[in-house]
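*Asks:* Give me a model of this one.
(4 chains)
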There are 2 protein chains.
Amino acid sequence: MQALLWQRAQAPFAGAFALPGGYLLGGETLEDSIRRHLAEKVDVRELSHIEQLVTTSDPSRHPSEWQVATAYLGLVPSDLDPELPIDTYWYPIDELPETAFNHGTIVLAGRERLRAKLSYANIGFALAPHSFSISQLRDLYAVALGHEVSATNLQRVLLRRELLEATGERRAPGPSGGRPAALFRFRSRALEITDQFAVLRPPG
Amino acid sequence: MQALLWQRAQAPFAGAFALPGGYLLGGETLEDSIRRHLAEKVDVRELSHIEQLVTTSDPSRHPSEWQVATAYLGLVPSDLDPELPIDTYWYPIDELPETAFNHGTIVLAGRERLRAKLSYANIGFALAPHSFSISQLRDLYAVALGHEVSATNLQRVLLRRELLEATGERRAPGPSGGRPAALFRFRSRALEITDQFAVLRPPG
DNA sequence: TAGGTTTTCTACTTACAGTCGATAACTTAG
DNA sequence: CTAAGTTATCGACTGTAAGTAGAAAACCTA
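*Replies:* Numbering: from 1, shown residues only, chains lettered A, B, ... in the order given. Below is the predicted model:
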């Protein structure tokens, strides 16, 4: 799991890494502003989901100014690999570099939000390609949740909730053979809350 | 379920009802600001829980100014009945009056947040008195969730999660008799997320 | 055709939510 | 004092979904 960070050239926090973002323009919506600043870093059309995360007002977050900042959680499909400008990188969030402001905390808050929503919403659509095998999806969930996930159980849980549907196609087997995997897609690509709640516990 | 509203005397939205709140002072934390404005309306020491709800930036929320506003959800125990200043009332949220800004939407968002947290957190501590019978708690949950709840099931679910503990005391029976109810309390009065998720479905 | 690999299916087990009726512990009325 | 009414509590049963494991399917290469 990776976060998009860029290295600040100027004070404050020169040299530290920061999430994309910036000041709000008058009359602008927060989400519009986020998309505008993000567009300077990456092709934002592929943003599969975005939601408000938290608004921080702690006076200590900025060394000289007093700021109020609203963080958003944005997700892109795992098969996306857009070109990035210089000084901008995808960082594995388990090994974050020194971050500016409170951005390290915000990244962790985003991960927690994602983990929770995997249990009670169809948020997986934002991480997965348009069509995928259950094994691919299992691996995505395992990375996002931080523990192993049973493919059998994952498939049953998501099918029972009618979040997944089979495309009818199969993926060509890999070089070492194996049964070709049936492909699935999410029925909806907009966030929907489930009335069930699968913890998808780690095995063992 | 009721929301604390006061009637605005001045434009914009003169005569309409609004949630307590106001402008942020420089260097002030959002939560500090909320508590400061709230203290003008009601004794705020009894606020058993407060959490950030949503930050709105829609330019249409205010007729003349462009504003960014952060809403908080605050809860008080059900047995609390503080004195209120003139023009300030508890309103049943099913029959809200005409509200200023987007405050009607915010109240509904707060209710949804509360309903969700009742299923996967110990948020009930913020609504219940310090000690209570299971029947009392059942009635609280029923009001908050909007449907009947089984006392037997509620007790078992909350005990299994170790959110409740018996005080050992019993409540005096009512005027019409009946077995005196054993009293319980929440083990913790700080928000804790459960790793289970009980939907507490309506019976039938 | 045999052996290896990956996916998929199916049956079994476990755990908890939801239901229902019996029992306990009080009241008041006669 | 006893019976009837009321409220709370307990315990057993049921249904459903999650978690597990092993067998079968469908491909590959040698």
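*Asks:* domain ranges for chain A?
*Replies:* Following automatic domain parsing, one finds the domains of chain A at A:2-118, A:124-186.
*Asks:* Check whether the longest one comes near DNA strand D.
*Replies:* In this case it means domain A:2-118. No - figure legend: domain A:2-118 not in contact with DNA strand D (C-beta under 7 Å from any atom of the strand); closest approach 11.7 Å. Backbone N, C-alpha and C define where each C-beta goes, glycine included.
*Asks:* A:Pro12 belongs to a strand?
*Replies:* No - if the criterion is DSSP: H, G, I helix; E, B strand; the rest coil, then A:Pro12 is coil and not within a strand.
*Asks:* Contacts only, for the residue positioned nearest the centre of chain A.
*Replies:* For chain A, the residue nearest the mean C-alpha position is A:Leu75 (3.5 Å; C-alpha atoms, centre = their mean). Going by C-beta atoms under 8 Å, 6 or more residues apart in numbering or on different chains, A:Leu75 touches A:Leu47, A:Ser48, A:His49, A:Ile50, A:Leu114, A:Ile123, A:Ala126, A:Leu127.
*Asks:* Spit out the contact partners of the fourth one.
*Replies:* Contact criterion C-beta under 8 Å, 6+ apart gives A:Glu31, A:Ile34, A:Arg35, A:Tyr72, A:Leu73, A:Gly74, A:Leu75 as the residues in contact with A:Ile50.
*Asks:* A:Arg113: helix or strand, and which one exactly?
*Replies:* Element membership for A:Arg113, per DSSP states H and E: helix A:103-120.
*Asks:* Check whether that helix comes near DNA strand C.
*Replies:* No - contact of helix A:103-120 with DNA strand C (C-beta under 7 Å from any atom of the strand) is absent, the minimum separation being 13.9 Å.
*Asks:* Tell me which helix or strand comes right after that helix.
*Replies:* With DSSP H and E, the next secondary element past helix A:103-120 is strand A:132-133.
*Asks:* Give the other helices and strands that that following strand contacts.
*Replies:* The contact analysis (3 or more C-beta pairs under 8 Å, 6 or more residues apart in numbering or on different chains; DSSP states H and E) places strand A:132-133 against strand A:182-186.
*Asks:* CA atoms of the strand it packs on as CSV?
*Replies:* Extracted in CSV, the C-alpha atoms of strand A:182-186 (Å, rounded to 0.1, in the frame of the first residue of the first chain):
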residue,chain,number,x,y,z
ALA,A,182,-12.9,-16.7,-13.9
LEU,A,183,-13.1,-12.9,-14.0
PHE,A,184,-15.4,-10.8,-11.9
ARG,A,185,-16.3,-7.2,-11.6
PHE,A,186,-18.0,-5.0,-9.0
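*Asks:* Check what contacts it and list those residues.
*Replies:* By C-beta under 8 Å, 6+ apart, the surrounding residues in contact with strand A:182-186 are A:122, A:124-125, A:128, A:130-134, A:137, A:163-171.
*Asks:* Please indicate which of those are buried?
*Replies:* A:Asn122, A:Gly124, A:Phe125, A:Ala128, A:Phe132, A:Ser133, A:Ile134, A:Leu137, A:Leu163, A:Leu164 (16 or more other C-beta atoms under 10 Å in any protein chain shown).
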